[in-house]
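J.: sequence below, structure please.
(chains A and B)
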Amino acid sequence: KQEVTQIPAALSVPEGENLVLNCSFTDSAIYNLQWFRQDPGKGLTSLLLIQSSQREQTSGRLNASLDKSSGRSTLYIAASQPGDSATYLCAVMEYGNKLVFGAGTILRVKS
Amino acid sequence: DAGVIQSPRHEVTEMGQEVTLRCKPISGHNSLFWYRQTMMRGLELLIYFNNNVPIDDSGMPEDRFSAKMPNASFSTLKIQPSEPRDSAVYFCASSLSSSGSFETQYFGPGTRLLVL
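T.: Predicted coordinates for the structure are as follows:
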């Protein structure tokens, strides 16, 4: 059974810092990996999707990498801002269009 | 585009009552998903439809839970009878999928259910 683990569970940084969120998964037979953002009381917003054949994706200050063979992904956030404060969820897509989520990393960026 | 629409946004009910959650997916999307989010278990997939047909309902916790998709623009998740342990946030998501290609899922704002 696929298990997705995210480290750290929570992170507090001062504004302007670069930071890395980690995600690991136990079964490398995935179609893609996605990073989502969830604000309190809100739904999920897709940030980046990396296909299984890709190594990384970039969007603005966000960069996500994927190493399928080792079962790892990282989300890099450059020059963090208070507006980046949210919960970040990693999810892998398995056969059958099924997303398996990690527990998330709660990020707080202090101004 | 209005995005995925869910109703109600909040629901408070008493144990034993029937609860019906509703979802309107993004127009043109052919896959629809119901998820449940709790502090203890995180986000879990309950059921997945493709072209209005249930494909995988292995995540539905018990027979008290049922889901339907009568047409491409509407789905319901019903709990009957409801129990306090059903209290959670229920999300609906939709995506456009084709053979061998699975695209981003777009999530609705969720329904916060509290069963007393």
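
J.: check contacts around A:E17.
T.: Neighbouring residues of A:E17 by C-beta atoms under 8 Å, 6 or more residues apart in numbering or on different chains: A:79-80, A:109. Every residue, glycine included, has its C-beta placed from N, CA and C.

J.: just the element for the residue nearest the centre of chain B, please.
T.: Centroid-nearest residue in chain B: B:W34, 2.7 Å away (criterion: C-alpha atoms, centre = their mean). Following DSSP states H and E, one finds B:W34 within strand B:31-38.

J.: again, but for A:C23
T.: Assigned by DSSP H and E, A:C23 falls within strand A:19-25.

J.: and that strand, what does it pack onto?
T.: Of the remaining helices and strands, those touching strand A:19-25 by 3 or more C-beta pairs under 8 Å, 6 or more residues apart in numbering or on different chains; DSSP states H and E are strand A:4-7, strand A:10-14, strand A:32-38, strand A:72-77, strand A:86-94, strand A:105-110.

J.: now the element after the helix or strand harbouring A:L48, going C-ward?
T.: Using DSSP H and E, A:L48 maps to strand A:44-51. Sequence order places strand A:56-59 as the next helix or strand after strand A:44-51, per DSSP H and E.

J.: could you list every helix and strand in contact with the helix or strand just after that next one?
T.: Remark: after strand A:56-59, the chain's next helix or strand is strand A:62-67, criterion DSSP H and E. Strand A:62-67 sits against strand A:32-38, strand A:44-51, strand A:56-59, strand A:72-77, with contacts defined as 3+ C-beta pairs under 8 Å, 6+ apart.

J.: so of those, which one's packed in deepest?
T.: Highest mean neighbour count among those (mean count of other C-beta atoms under 10 Å in any protein chain shown): strand A:32-38, with a mean of 23.
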